[in-house]
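[1] Need coordinates for the following:
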Amino acid sequence: MTSNALAEDPHRDVIYAAENQAMPSGGRHFSRFTDLEAYVESVLAGSWWDREFPAAPLEVQLIRRSRSATFSAAAVDRTGDEAAIWIRDGSWDAVTVVHELAHVASAQPTTSPDPTGPHGQEFATALLLMWREFLGLHAYGALLSGFDDHGVPYRRERLF
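    Got it, this is the predicted structure:
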C-alpha cells in the first residue's frame, strides 16, 4: 500500500489480517452463485439487518467478477438507496460476503465520509456486529481480539 493509500485507509491491512487470523477457512463456502445470492437476500430481508442498520439499503445488486479480478468490492450510491457488491470468483465465502455487506451497512451517504477511512470505525463496528450474528461468537471474539490488539477503532457502545 502506498503512503497516500495508507493515510486514506490506515486500518485496511490490519482488518484483512485480523479476518484471516480469526477465520482462515473463510467460513461457509457457496458452491453456486445462486446460493450466494440467496444468502445475501436472506441477510437483507431479515429483521436483524433492519434493526441494526435502519439507514442501509435493503436491496443490493450482486455482481459476479472473474477469477482474474484481484478483489471483491462494495459501493452505495450517494442517496443511500442503491448498492452493489462485486464478488470475485474464488471468493464465494462467508467472510468475504459479510465484509462487503459491512461496507454497505456502514456507508454514510448523507453525511461526510468516516474520517477513519473506508475500513474505519463505522465499518469495523458493522463488521463486528455481522460476525457475531452470522459467523458465530467464537469467530466474533477472535476478530474483536484482533481489532483490540492492533488498535482498530470501533463503537464499543454498539457491541456491549
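
[2] Run through the chain and note the low-pLDDT ranges.
    Scanning the chain for pLDDT under 70 picks out 1-6, 108-113.

[3] can you pull out the helices in it?
    Using DSSP state H, the helices of the chain run over 3-8, 12-22, 33-45, 47-52, 94-106, 121-130, 137-150, 156-159.

[4] pull the CA atoms of the fifth one into CSV?
    It stands for helix 94-106. Backbone C-alpha positions of helix 94-106 (Å, rounded to 0.1, in the frame of the first residue of the first chain) are rendered in CSV as follows:
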residue,chain,number,x,y,z
ALA,A,94,-19.0,-16.0,4.2
VAL,A,95,-16.0,-13.9,5.4
THR,A,96,-15.8,-12.1,2.0
VAL,A,97,-19.6,-11.7,1.7
VAL,A,98,-20.0,-10.4,5.3
HIS,A,99,-17.1,-8.0,4.7
GLU,A,100,-18.7,-6.5,1.7
LEU,A,101,-22.1,-6.3,3.4
ALA,A,102,-20.4,-4.4,6.2
HIS,A,103,-19.3,-1.8,3.7
VAL,A,104,-23.0,-1.5,2.6
ALA,A,105,-24.2,-1.3,6.2
SER,A,106,-21.7,1.4,7.2
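
[5] and the residue lying closest to P10 once chain neighbours are set aside, how many residues sit next to it?
    In this structure, P10 finds its nearest non-sequential neighbour in G117, 5.8 Å apart by C-beta to C-beta, 6 or more residues apart in numbering. From N, CA and C alone the C-beta is placed, and that goes for glycine too. As a burial measure, G117 scores 21 neighbours (other C-beta atoms under 10 Å).

[6] Cool, thanks, talk later.
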